[in-house]
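K.L.:
next one to model:
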Amino acid sequence: MPTWTIWLWGRRPLVTLLRAALLGALLYLTGRYAFPPVHVSGLSMEPTIHDGTWRIGNKLKFQTREPQRGDLVMVSMAGWHAYYLKRVLGLPGETIAFKNGALLIDGRVVPEPYLAGGSDWTLPPTRVPAGEYYVAGDNRAVPLPAHMAGLTRRRDIAGGLLW
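P.N.:
This is a model prediction of the structure:
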């Protein structure tokens with residue numbers, strides 16, 4: 001057997017082919033069900049995550065713990081294998097409000113160091129029900145009515161970001 005074929009296929013080509021098929025299946029399943037690639041399309045997470053970039057999702061992130069304030073989450077879109085990327089702002093049982101752009105949780109201002117620009121969002125106090133979270137993007141220059149923000153059921157949070 002020529003040297004190049006041994007280098008390419010090994011001494012046992014069938015074993016090499018089976019290993020490659022197993023590795024391909026493992027990578028497919030891992031990428032599809034545990035760490036899917038996420039293409040960011042839109043400006044809602046600017047300046048934290050830029051439009052057109054790629055990230056790696058982590059569907060295992062919230063298997064052992066609940067999302068916390070400040071976590072980036074992938075929210076399932078109904079009927080799609082696509083997600084909204086949002087930040088958790090309000091936790092179950094809390095009252096959330098915005099006053100002249102400032103985030104208030106249970107009446108207290110919560111700093112948001114990840115925001116780059118100002119905001120004029122105003123929202124009356126809203127109680128976050130059990131089993132739900134209040135999520136929003138980091139680009140608060142977009143007016144609140146045009147923003148995909150609001151209450152999200154826990155079961156619709158598919159995971160977070162690995163990177």
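K.L.:
give the next helix or strand downstream of the strand or helix carrying R19.
P.N.:
Assigned by DSSP states H and E, R19 belongs to helix 13-33. Using DSSP H and E, the helix or strand that follows helix 13-33 towards the C-terminus is strand 37-39.
K.L.:
where in this protein is the helix or strand with the lowest mean pLDDT?
P.N.:
helix 3-9 (a mean of 73; mean pLDDT, DSSP states H and E).
K.L.:
strands of this structure, start to end?
P.N.:
Using DSSP state E, the strands of the chain run over 37-39, 54-58, 72-76, 83-90, 95-99, 102-105, 108-109, 123-127, 132-136, 150-153, 157-161.
K.L.:
if you average pLDDT over each of these, which is lowest?
P.N.:
With a mean of 86, strand 37-39 has the lowest mean pLDDT of the strands of the chain.
K.L.:
okay, now the sheet partners of that strand, with direction.
P.N.:
Its sheet considered, strand 37-39 pairs with strand 54-58 (antiparallel) by DSSP bridges.
K.L.:
need the contact partners of the partner strand.
P.N.:
34-40, 49, 74, 83, 85, 158-163 (Cβ atoms under 8 Å, 6 or more residues apart in numbering). Glycine gets a C-beta too; all of them are placed from N, C-alpha and C.
K.L.:
what subset of the residues you listed is buried?
P.N.:
F35, P36, V38, V40, I49, M74, Y83, L85, A158, G159, G160, L161 (16 or more other Cβ atoms under 10 Å).
K.L.:
the domain parsing of the chain - what is it?
P.N.:
1-33, 36-161 (automatic domain parsing).
K.L.:
how about the strands of the chain in CSV, adding distance to P143?
P.N.:
CSV is the format used below for the strands of the chain (distance: least, Cβ to Cβ, whole Å):
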stretch, distance to P143
strand 37-39, 25
strand 54-58, 26
strand 72-76, 20
strand 83-90, 17
strand 95-99, 12
strand 102-105, 16
strand 108-109, 21
strand 123-127, 12
strand 132-136, 12
strand 150-153, 14
strand 157-161, 25
